[in-house]
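**Q** I'd like to go over a predicted model; first the sequence, then the structure.
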Amino acid sequence: EELVNFVKEFGHTRVPSKFPQIPSLGGWVDRQRQSYKIYLKDDSSSSMTADRILLLNKIGFEWVLRKLYDKFGMEYLLAC
């Protein structure tokens with residue numbers, strides 16, 4: 001729900017790791033990306049599920065990010 005609200009407000013799923021309004025959201029989004037990478041390798045240690053992938057895809061989740069976002073931080077993200 002928090003990510004859905006973020007997408008409604010900012011138009012993307014590139015949540016900064018230090019997003020002040022919801023501090024835990026950036027970490028959660030990062031963990032989804034990490035779990036997805038493990039899931040793609042058929043590694044049973046992944047907590048990712050096919051249902052969660054479908055739900056995240058429905059809101060336009062970006063599974064792979066360019067390092068540009070990390071370099072410039074939240075100001076760059078919010079300007080997009």
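**A** Sure, I can see it.
**Q** when you work out contacts or count neighbours from here on, use the C-alpha atoms and nothing else.
**A** Fine.
**Q** in the protein, spot the helix with the most residues.
**A** Longest helix in the chain by number of residues, with DSSP state H as the criterion: helix 23-40.
**Q** buried set for it?
**A** Using 16 or more other Cα atoms under 10 Å as the test for burial, helix 23-40 gives 25-26, 29-30, 32-39.
**Q** spit out the contact partners of the spatially closest residue to Pro23 that is not a sequence neighbour.
**A** Nearest residue to Pro23, sequence neighbours excluded (Cα to Cα, 6 or more residues apart in numbering): Ser17, at 7.8 Å. Counting by Cα atoms under 8 Å, 6 or more residues apart in numbering, Ser17 makes contact with 23, 25-27, 30.
**Q** measure Ser45 to Trp28 for me?
**A** Separation of Ser45 from Trp28 (Cα to Cα, to the nearest Å): 17 Å.
**Q** then Phe19?
**A** Phe19 is 11 Å from Trp28, by Cα to Cα.
**Q** before we move on, the earlier item: okay if I get the buried residues of helix 23-40 as CSV plus pLDDT?
**A** Formatted as CSV, those follow (pLDDT from 0 to 100):
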residue, pLDDT
Leu25, 96
Gly26, 94
Val29, 96
Asp30, 94
Gln32, 96
Arg33, 95
Gln34, 94
Ser35, 96
Tyr36, 95
Lys37, 93
Ile38, 95
Tyr39, 95
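**Q** will you turn the residues you listed into CSV that also has distance to Phe6?
**A** Shown next, in CSV, are these (distance: Cα to Cα, whole Å):
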residue, distance to Phe6
Leu25, 9
Gly26, 11
Val29, 11
Asp30, 15
Gln32, 16
Arg33, 17
Gln34, 20
Ser35, 21
Tyr36, 20
Lys37, 23
Ile38, 25
Tyr39, 25
